[in-house]
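Chemist: Structural data only, the sequence is not supplied:
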C-alpha cells in the first residue's frame, strides 16, 4: 500500500512547454517536441515493473479527474515498456490533464506527458476520419513522393 500512497504525491513541475537544461556556461531552454493538440495523451517515464492491471487502474484514477477517459492503453512489449496512451473524450480534458499532471511523481518517477503524434483510432472512428493502418501507410508514402518530386521540380 505504500506504493499507492507515493503515487498520489503532489505535482511539483511547472506546466510549461520548455524544460530548463543545465549547462556549464549558462542555463538555456530546451524545446520539447509538441504535436497538434488532440484527445490522446502520450505518457512516458513510467516504471515498467508495475503490473499491467495496477498500472491501468492507477492511470485511470489519476487522469479521470480531468475528464472522461475512454481508454488507457498500456503495452508491455519490448520497446514499449514504460509508456501509455490515455484517450480522453475531448481535447479540453486532455489539455487540462497535460497541464496538471506533467511531471507528476507516479510510483517514484516523474511522468512525461505530451499529445500523441496521431489521433487514436477510437477517436477517428467516432469523428468519421478513420483510415485503416495499411491505407494510412500508402497515403503517407504517396505524400512523401509528391513532396520529393515537388522539391526536385522547384529546385530546377
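Modeler: Thanks, I have the structure now. Note that the coordinates shown come from a computational prediction; the quantities given were computed from them, not determined experimentally. Residues are numbered from 1 along each chain as shown.
Chemist: Beta-bridge partners for the residue at minimal distance from the centre of the chain, please?
Modeler: Residue closest to the mean C-alpha point of the chain, counted by Cα atoms, centre = their mean, is residue 42 at 1.3 Å. When assigned by DSSP bridges, residue 42 has beta-bridge partners residue 85, residue 114.
Chemist: Would you mind confirming that it makes contact with residue 113?
Modeler: Yes - between residue 42 and residue 113 there is a contact under Cβ atoms under 8 Å: 7.2 Å. (Each C-beta comes from the backbone N, C-alpha and C, glycine too.)
Chemist: List the residues that contact the residue nearest to the centre of the chain.
Modeler: Residue 42 is in contact with 83, 84, 85, 113, 114, 115, 116, 117, counting by Cβ atoms under 8 Å, 6 or more residues apart in numbering.
Chemist: Residue 49 versus the fifth one, what's the distance?
Modeler: When distances are taken as Cβ to Cβ, to the nearest Å, residue 114 and residue 49 turn out to be 23 Å apart.
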